[in-house]
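K.L.:
give the three-dimensional model of this entry:
(one chain, ligands or ions: 1)
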Amino acid sequence: MSRIAYFGPQGTFTEQAARILAGGEELVPVETVRLAMTAVRNGEADAACVPIENSVEGVVPTTLDALSESTPLVAVAEAILPVHFSVLTRPGDREIRTVASHPHALAQVRDWLEANLPGANPVASSSTAAAAVGVLQGDFDAAVCAPVAVEHYDLEVLATEVADVTDAATRFLLVRPPGDLPEPTGADRTSVVAAAVNRTGTLAELLTALADRGINLTRLDARPTRNNFGEYRFFIDFEGHVAEPRILDALTALRRHCRTLRFLGSHPRADRVRPTIEPGFGNDDFVDASVWADAVRKGDLA
Ligand SMILES: O=C(O)C(=O)C[C@]1(C(=O)O)C=C[C@@H](O)C=C1
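P.N.:
Presented below is the predicted three-dimensional model:
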């Protein structure tokens, strides 16, 4: 049985995602996203389940930073969960002065809090479930949590189905050390982190390398390198799998335009969306063109 570290404690949305991605394995809660990945890098866990992006609040910066540092990890699977919250309090406690949660969660219920708990002070906690632990310990009066949190913590439900945006969703990754990649399915996502050379037009060159091969981006984020002010790394997700000739061709082009390029994996998309491939951009087109170029090089023009 594999050991899967997940961003805990018990009762986070990430635990729900880990159950979907690795339900039969041993799931180990870890306090932070970074520590979950460190557990994999140290060999204490075989894989880690971490949140990567939310449809309302955008990326989870700590996940991006932890993916780009230290030894490489690759994403081998993803899950997308609908996100609506429960608000938990201590039984009988109706005077709510502080309400705690993960900053991403607080941002997704801002309107609800203003309308329903106008006097309550929002307080950031390390995760939604850590907020529930804090309420139990008397640190805060209410916690904005995943609905499953109430099964783990002896708290009372003040409200359910809380969400400012009704169809909000968060995407989670299962990451592990590089090795065999998942097989291509035709509905895949590839991720890289690119440190571009700092000169005019390099980001445009990276994006053009993908556009010229008919490859659609699914996410683009920049994070500071932390070394030189104004220097950024670009996290790029795009449709396709590295096993496809058109994607391999794009990756080699990206490599030429970067100081460093870290491959973060190719894996099936949770939403099963397949790319629209325009004429001239299919894998067969890339293979045929390189067969033709080979023939030209060998002088075989018949
Ligand atoms: O705190 C949790 O329960 C998490 O799994 C983290 C997280 C996030 O990072 O966005 C996951 C989903 C929700 O959007 C709120 C918090």
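K.L.:
isn't L251 up against F263?
P.N.:
Yes. Between L251 and F263 there is a contact under C-beta atoms under 8 Å: 7.2 Å. C-beta: built from backbone N, CA, C; applies to glycine.
K.L.:
mutual contacts of the two, please.
P.N.:
Listed as contacting both L251 and F263 by C-beta atoms under 8 Å, 6 or more residues apart in numbering are V192, V242.
K.L.:
tell me the strands beside the strand of greatest length in the chain, with direction?
P.N.:
For the chain, the strand that runs over the most residues, judged by DSSP state E, is strand 258-268. Sheet pairing of strand 258-268 (DSSP bridges) gives strand 188-196 (antiparallel).
K.L.:
follow-up on the earlier one: in the longest strand of the chain, which residues are buried?
P.N.:
C258, L261, R262, F263, L264, G265, S266, H267, P268 (16 or more other C-beta atoms under 10 Å).
K.L.:
tell me the one among the residues you listed nearest to the ligand.
P.N.:
The nearest member of these to the ligand, counting by C-beta to the nearest ligand atom, is L264 at 17.7 Å.
K.L.:
now do the same for the closest residue to the closest one other than its chain neighbours: its pLDDT.
P.N.:
With sequence-adjacent residues excluded and distances taken as C-beta to C-beta, 6 or more residues apart in numbering, L264 is closest to S191, at 3.8 Å. pLDDT, S191: 98.
K.L.:
hang on, S191 packs against F234?
P.N.:
No. Using C-beta under 8 Å, S191 makes no contact with F234, being 11.2 Å away.
K.L.:
list the contacts of the residue nearest the centre of the chain.
P.N.:
The C-alpha lying nearest the average C-alpha coordinate of the chain belongs to I52 (C-alpha atoms, centre = their mean; 1.9 Å). Counting by C-beta under 8 Å, 6+ apart, I52 makes contact with V59, V60, T63, L64, A75, E78, R171, F172, L173.
K.L.:
from P184, how far out is it?
P.N.:
For I52, the distance to P184 (C-beta to C-beta, to the nearest Å) stands at 20 Å.
K.L.:
cool, R259 as well?
P.N.:
29 Å.
K.L.:
again, but for C49
P.N.:
22 Å.
K.L.:
which one's more surrounded, those two?
P.N.:
C49 (31 against 17; other C-beta atoms under 10 Å).
K.L.:
up against the ligand, what does the stretch 1-150 of the chain have?
P.N.:
7, 12-14, 51, 54, 60, 83, 102, 104-105, 127-129, 146 (C-beta under 6 Å from any ligand atom).
K.L.:
hmm, 5 Å instead?
P.N.:
Proximity of the stretch 1-150 of the chain to the ligand, by C-beta under 5 Å from any ligand atom, involves residues T12, F13, T14, P51, N54, V60, V83, H102, H104, A105, S127, T128.
K.L.:
of the residues you listed, which belong to strands?
P.N.:
Checked against DSSP E, these include these in strands: P51, N54.
K.L.:
for ChimeraX, what selects the buried ones among the residues of the stretch 1-150 of the chain next to the ligand?
P.N.:
A single ChimeraX command selects the buried members of those (16+ other C-beta under 10 Å):
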select :12,13,14,51,54,60,83,102,104,105,127,128
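K.L.:
all set, thanks.
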